[in-house]
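*Asks:* Sequence below, structure please.
(2 chains)
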Amino acid sequence: MRLSKGFWQTYKEAPTDATIPSHQLMVRAGLIHKSGAGIYNYLPIGLRSIQKVENIIREELNKDDCYELTMSVVTPGELWQESGRWDSMGPLMLRAKDRGNRDLCISPTNEEAVVDIFKKSIKSYKQLPVTLYQINTKFRDEIRPRFGVMRGREFTMKDAYSFHASWECLEKGYQTLYRAYERIFTRIGLNFIAVEADAGAMADGKQKTHEFQVLARSGEDKVIFCKETGYAANIERAETSREKLDFDLSSPELKEVSTPGTATIEDVCNFLKQPQHRSLKSLVYSIINGEEEEFVLALLLGDDDLNEIKLNLWAKADHVKPATDNQLNQLGFVKGYIGPYDLKAKVKVIFDKEINLDGAYSTGANKDDAHFTGFVPSRDLKDIEKVDLRLSKSGDIHKADGKEGVVEEISGIEVGHVFQLGDKYTKSMNATVLDQNGKAVNPFMGCYGIGTTRTVAAAIEQSHDEDGIIWPVTIAPYHVHFATITKTSEYEELGDEIYDLLKENFEVLYDDRPKLGPGFKFKDADLLGLPIRVVLGERDHKKDSLFEIKVRKTKETFKVSKEDLISKIKELLEGAS
RNA sequence: CGGAGCGUAGCGCAGGGGUAGCGCACUUGCUUUGGGAGCAAGGGGUCGUAGGUUCAAAUCCUAUCGCUCCGACCA
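*Replies:* Below you'll find the model as predicted:
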């Protein structure tokens, strides 16, 4: 593209709402333009990167016999009513009525649509397995869109769906897509890990699911990772243990002590001069199932935190949330001094698995300014239920296959997700095939997503410097940024000639804008961050007849003749990818 | 949904009852050309919207809409 005729505008300053590097750089480099909250226009140069990501995805999925189709962005409400998600999706789904007062929605995802297509096309197990995918616009009315296209409301996603006659076949299909994802993100040049994840609302929590997380400081997700055992899991899901702790196993006397003004674990433990893991954290949670609400008292070591997702899984609830101050009062709890002993309220008490039930702990006495010390659960309470409730954290231990290591907590950006859905949707939407015995069965499904626009943002988040973006070669909008610094028409013509030469071999952005100073052009080149910059400067070329090549990533420069230009760039591009 | 802000030129911001401003960007001309050039001359605004107070409102008051940040939430 010739800039003198092209469409491109850069900015020295980023808008104030852009708080992370990828968002700031995408706006400053003229790749995207905000249209509304969480809604973006993709400008010509930015679109090229998105399309490159899409093409890499296509190439890799097509290798594994996945078939691309396109489903409608606007879908009829009936489909969602059939699966039951018209209600359960809630305000996340953007809805509308057409002129006939029929319900419509903008697809936040496409399980319903793809099952509908499947139902009308596939009748026999002999036609399975099959995997369909599309790369298409989604809309999710997020509570708080932010970080540019990283968490937009409208975004593009590759979503794939596989159908299988048996669970074994689903397992195989899942592995196939998992490996395709590894190839895709490797080609894009991302530093990623696949982590065990929580199935959330998509499944009932038993099926396998992995997230592909790009490691980046600004990531919204937390990942627990162990070098020694290779364990990697989303913190929502991670199961690790504490390093060895010195519990008080002397079975001291249970007694009430006055602990004025110590409503936090930290205050109590300072006051009692004991480590925090010798106190118990008592949390009252509301367990909500439809209209029903009950309460549970969850106990954790004083320096551990509750993982609400684990509590939710244990409770098999619609959702769980901390009891409100009012609810605590009604149950007879005193905020800051809650404990499992001498309970006034009838609530179920559960202990985290890391609590040594024979150890002695301090715990709230259920009255103002008082705690118990010497509370030994196995001695002082009946009916103890142990549950894995704690949130993993840095410094925990993970053991697997005879190996053991300390885990660390890192931030990640979720760019891909693979799920085993099972028969949830084929059942609810009554999709069947005939098996070998002529019996109608619900096939098993897998679903697999990649946020394409988010992937571009993640790549920038991972690869930039103070001057701008540093594109991985595979998704750079162009390979070569060719800039001329000319004074005479003679050199403008030479520039055009070189552009034609480069164009035959590479994707080239030609900065032929007249009358712009070198500094201006260099700043723009660094900001956009194409892998290779080539400069024809009239001043220098008059002296040595050479061209300057600069590698964006390493800042190395080379001076080469016209004859060597193409081969040198090829060599550098290969080295960079 | 809780808390906190902001809406003034394309972007970044100042002004705070009495003439609509600055920097960047944009247009024209001349000079400049190896790290966001200089000079000169320009274009661009119903100060988010609607009411109110006032001789007079961008400015004060009320409502409303939009946007953002922190948190909660979240395929």
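*Asks:* Would you mind listing where chain A has pLDDT under the threshold?
*Replies:* A:199-206, A:577 (pLDDT under 70).
*Asks:* How about it: which residue is closest to RNA strand B?
*Replies:* Going by CB to the nearest atom of the strand, RNA strand B is nearest to residue A:537 of chain A, at 1.8 Å. C-beta coordinates here come from the backbone N, C-alpha and C atoms, glycine included.
*Asks:* and that residue, how many neighbours?
*Replies:* Using other CB atoms under 10 Å, residue A:537 is surrounded by 18 other residues.
*Asks:* part of a strand, is residue A:24?
*Replies:* No - Residue A:24 sits outside any strand when classified using DSSP: H, G, I helix; E, B strand; the rest coil, being helix.
*Asks:* so what's it closest to, chain neighbours aside?
*Replies:* Using CB to CB, 6 or more residues apart in numbering and skipping the chain neighbours, the partner closest in space to residue A:24 is residue A:14 (3.8 Å).
*Asks:* Can you verify the one you found is assigned to a helix?
*Replies:* No - Residue A:14: not assigned to a helix; according to three-state DSSP it is coil.
*Asks:* That one contacts residue A:27, correct?
*Replies:* Yes - using CB atoms under 8 Å, residue A:14 makes contact with residue A:27 at a distance of 5.5 Å.
*Asks:* so how many other residues sit close to the residue nearest to residue A:24?
*Replies:* 15.
*Asks:* how about it, what does it touch?
*Replies:* A:23, A:24, A:25, A:27, A:28 (CB atoms under 8 Å, 6 or more residues apart in numbering).
*Asks:* Of the residues you listed, select the buried ones using a PyMOL command.
*Replies:* To isolate the buried members of the contacts of residue A:14 in PyMOL, using 16 or more other CB atoms under 10 Å:
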select buried, chain A and resi 23+24+25+27+28
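*Asks:* how about CSV for the contacts of residue A:14, with distance to RNA strand B added?
*Replies:* Formatted as CSV, these follow (distance: CB to the nearest atom of the strand, whole Å):
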residue, distance to RNA strand B
A:23, 8
A:24, 10
A:25, 10
A:27, 8
A:28, 7
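*Asks:* Now flag whichever of the contacts of residue A:14 is closest to residue A:164.
*Replies:* Of all the contacts of residue A:14, residue A:164 sits closest to residue A:23, with 39.5 Å by CB to CB.
*Asks:* nearest residue to that closest one other than its sequence neighbours?
*Replies:* residue A:148 (3.3 Å).
*Asks:* show me the contacts for that neighbour.
*Replies:* Per CB under 8 Å, 6+ apart, neighbours of residue A:148: A:18, A:20, A:22, A:23, A:26, A:27, A:32, A:34, A:40, A:457.
*Asks:* Mind checking which of the residues you listed land in helices?
*Replies:* A:22, A:23, A:26, A:27, A:457 (DSSP state H).
*Asks:* measure the second one to residue A:245 for me?
*Replies:* The spacing between residue A:23 and residue A:245, counted by CB to CB, to the nearest Å, is 42 Å.
*Asks:* The third one now?
*Replies:* When CB to CB is the yardstick, residue A:26 and residue A:245 sit 46 Å from each other.
*Asks:* so residue A:184 makes contact with residue A:450?
*Replies:* Yes - counting by CB under 8 Å, residue A:184 touches residue A:450, with 7.1 Å between them.
*Asks:* These two: which is more packed in?
*Replies:* For residue A:184 versus residue A:450, neighbours defined as other CB under 10 Å are more numerous around residue A:450 (28 against 25).
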